[in-house]
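In: Give me the fold of what follows.
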Amino acid sequence: MSSIKVAKTNFPVLDIIKKRWSARAFSDQVITDDQLNTLLEAASWAASANNEQPWQFLYAKKNTEGFNKIWSCLMPGNQPWAINASVLLVSIARNTFEANQKPNPFGMHDLGMATSNMLLQASDMNIYSHPMAGFDKAKLIADLNLSENQMPICVIALGFLAPADTLEEPFKERELTPRNRKAVSEFAFKI
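Out: Next comes the predicted model:
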């Protein structure tokens, strides 16, 4: 990994957080079933309202019908590089509580926490990820036969890192651009 992608933070944070970034250059190295199950296990331990665990993940490995189905739902700006991922994974929030079928207003938040656990676990295993909102939601719902109670939130490309030179522009430049974030003072306010 290029040191340019290691976050330069203003306050001390865990190294695993500094290391996580959304890569686009993926190698041919395959994510094993055990590795994938480890990522999903990490997701399962996220906090959730009433321990509902309102998340679901549908995934497919490269060179399978399922992978092609998910990939075909990506927007054209994501398809050129995402085709090289080892796994494409769809994160889904369940809209209702299982216990009483009432709306769960915390489902997307809880899914986000599970996803964060998964992405940090991936980073620890030198598996890189790229969450994408750029997909055709209606097509994905139809192609994956999702119910009204299943809301796809993002598609995540997973794989092992390849050199940025394997990418075409404008993706190569994005892969080589330093990371940045807003300063804490721009989004956190004492009251």
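In: Okay, now the unreliable bits of the protein?
Out: For the chain, applying pLDDT under 70 flags the ranges 1-2.
In: got the residue ranges for the strands in it?
Out: 55-61, 87-94, 128-132, 150-159 (DSSP state E).
In: Can you point out the buried residues in the last one?
Out: Of all the residues in strand 150-159, those buried under the rule 16 or more other CB atoms under 10 Å are Gln150, Met151, Pro152, Ile153, Cys154, Val155, Ile156, Ala157, Leu158, Gly159. For every residue, glycine as well, the C-beta is placed using N, CA and C.
In: And those residues, which is closest to Glu169?
Out: Glu169 has its nearest neighbour among these in Ala157, at 18.7 Å by CB to CB.
In: May I have the residues that are in contact with that closest one?
Out: By CB atoms under 8 Å, 6 or more residues apart in numbering, the contact set of Ala157 is Arg24, Phe26, Asn78, Trp81, Ala82, Ala85, Val87, Leu88, Ser129, His130, Met132.
In: partners of it in the sheet?
Out: Leu88, His130 (DSSP bridges).
In: ok, it to Ala42 distance?
Out: Distance, Ala157 to Ala42, using CB to CB, to the nearest Å: 17 Å.
In: how far away is Tyr128 from Phe160?
Out: Distance from Tyr128 to Phe160, by CB to CB: 7 Å.
In: Relative to Lys102, which of the strands of the chain is closest?
Out: Taking CB to CB, strand 87-94 is the member of the strands of the chain nearest to Lys102, at 11.9 Å.
In: other SSEs contacting that closest one?
Out: Packing partners of strand 87-94 (3 or more CB pairs under 8 Å, 6 or more residues apart in numbering; DSSP states H and E): strand 55-61, helix 65-71, helix 107-124, strand 150-159.
In: Check the offset of that strand from the chain's centre.
Out: Centre-to-centre, strand 87-94 and its host chain are 8 Å apart (CA atoms, centre = their mean, to the nearest Å).
In: Could you write out the alpha-carbon coordinates of stretch 21-33 in CSV?
Out: Extracted in CSV, the C-alpha atoms of stretch 21-33 (Å, rounded to 0.1, in the frame of the first residue of the first chain):
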residue,chain,number,x,y,z
TRP,A,21,-9.3,3.5,2.3
SER,A,22,-11.5,2.8,-0.8
ALA,A,23,-9.2,1.2,-3.3
ARG,A,24,-10.0,0.7,-7.0
ALA,A,25,-7.0,-1.4,-8.1
PHE,A,26,-7.6,-5.0,-7.3
SER,A,27,-5.2,-8.0,-8.0
ASP,A,28,-6.2,-11.5,-9.2
GLN,A,29,-5.7,-12.9,-5.7
VAL,A,30,-8.8,-14.6,-4.6
ILE,A,31,-10.6,-14.0,-1.2
THR,A,32,-11.1,-17.4,0.3
ASP,A,33,-14.4,-18.6,1.9
